[in-house]
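> sequence? don't have it. structure:
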């Protein structure tokens, strides 16, 4: 059997373990479900684990996750140094509680990002005080030194993709030596994450592409990495013929104006597309950038009125927005999975996406379930978007095929079942290695 087959093979559990409900601690150092995939992962996975009969306690820092009914939240607050509207703030003297707070501020002052390390230290202290309360601890990509020992239960870790990929792309986009030095300082925590990842007994990831990146970038042994695909809430993200389609509407999700997301290339593609389709316009789910490459591109091409940014909308409003689009687009240079692709496909909205990272693993074959283009190619994006906007039959065919693909492969229910299998494997492995085990 190949290493890939071993990595994705379900774990059957043991007769002694059976199907008993598990007590799960799910750790997340960032949990905002409206900005980035980690919060989405925590919200939907915890809900489906509860549906399977397990007890789930999410332990998280700011921005705190939004959870559905059944899972509980324990707040493990940081100093919230990057909050809006005062990011990179200096805390007042009375806010400091202990040496971890001092470490957090000191790391920020020297240009680093402290939250993975400081959250891991707070989490170890919290979990040590509650030893015996959990059957398994699931870390959502903290990868901090504090999680290497003394947790009181077996550890399973999800790595969505190595942040070293983000680091490479940000360094490549840095325009001068000063900016490159700043990027290196900010991503200093990735050295810790590499060291921690190599010592983890069980790593889950969301795609085969991410699995290979983890092996190559982080040096994790192949036999310790297991692919458990995530997906869409297909009850919420579903077709609704009563929602009117808006001619020329393109929708995308971009949680941050960073090179990884490729939004600037989509803006450039829109400028090209509007020379032939003046009704083409873009709705971005995310915060409007005040400066940077996207803001500059909109100004250069005169697109301020053709690009709309929306944030703070409800789940239902977001779904209806995607349903109203004639095409959804994922322009990313790299994705470890791409929830926006899966969610758009689940609504039956046709998809144009790049081939960056794991996106083809989610979106499927070019011309069958999506139109695929090379990452960073604005001309190819414009061409594909124009094809979909101009062909109703193509839109209908791609939308239906995309929905079928998500239903068969990428749902949160399947993700929860696969994750529990690896929880039970970790528990069984820990029992075998315990002192006195036969």
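Happy to help now that I have it. The structure presented is a predicted model; accordingly, all values stated were derived computationally and were not measured. Numbering: from 1, shown residues only.

> part of a strand, is residue 328?
Yes - looking at residue 328 with DSSP: H, G, I helix; E, B strand; the rest coil, it is inside a strand.

> Show the pLDDT at it.
Residue 328 is assigned 98 on the pLDDT scale.

> now residue 32
Residue 32 is given a pLDDT of 75.

> Then residue 1?
Residue 1 is given a pLDDT of 41.

> same thing with the one 10 residues further on?
Predicted confidence (pLDDT) for residue 11: 41.

> Which stretches in the stretch 1-150 of the chain count as helices?
Using DSSP state H, counting those that start in this stretch, the helices assigned to the stretch 1-150 of the chain run over residues 3-8, 37-51, 99-109, 115-128.

> Which of the ones you listed sits closest to residue 225?
helix 3-8 (5.7 Å; CB to CB). All C-beta atoms are positioned from the backbone trio N, CA, C, and that covers glycine.

> With adjacent residues omitted, what lies nearest to the residue nearest the centre of the chain?
Closest residue to the average C-alpha location of the chain: residue 37 at 2.5 Å, with CA atoms, centre = their mean. Using CB to CB, 6 or more residues apart in numbering and skipping the chain neighbours, the partner closest in space to residue 37 is residue 339 (5.5 Å).

> likewise residue 171?
residue 183 (5.3 Å).

> OK, contacts around residue 406?
Contacts for residue 406 (CB atoms under 8 Å, 6 or more residues apart in numbering) come out as 231-232, 234, 342, 345-346.

> before we move on, the earlier item: my guess is the residue nearest to residue 37 meets residue 237, correct?
No - using CB atoms under 8 Å, residue 339 and residue 237 do not qualify as a contacting pair, with a distance of 9.9 Å.

> Now neighbour count, secondary structure and distance to residue 217 too, for the contacts of residue 406, in JSON lines please.
Shown next, in JSON lines, are these (neighbours: other CB atoms under 10 Å; DSSP: H, G, I helix; E, B strand; the rest coil; distance: CB to CB, whole Å):
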{"residue": "231", "neighbour count": "24", "secondary structure": "coil", "distance to residue 217": "25"}
{"residue": "232", "neighbour count": "26", "secondary structure": "strand", "distance to residue 217": "27"}
{"residue": "234", "neighbour count": "19", "secondary structure": "coil", "distance to residue 217": "32"}
{"residue": "342", "neighbour count": "26", "secondary structure": "helix", "distance to residue 217": "24"}
{"residue": "345", "neighbour count": "35", "secondary structure": "helix", "distance to residue 217": "28"}
{"residue": "346", "neighbour count": "26", "secondary structure": "helix", "distance to residue 217": "30"}
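
> Pick out the lowest-pLDDT one from these.
Among the contacts of residue 406, residue 231 has the lowest pLDDT, at 90.

> Just the helices from the stretch 251-400 of the chain, written as ranges.
Per DSSP H, counting those that start in this stretch, the stretch 251-400 of the chain carries helices over the ranges 263-273, 293-301, 315-324, 339-346, 359-363, 378-389, 392-409.
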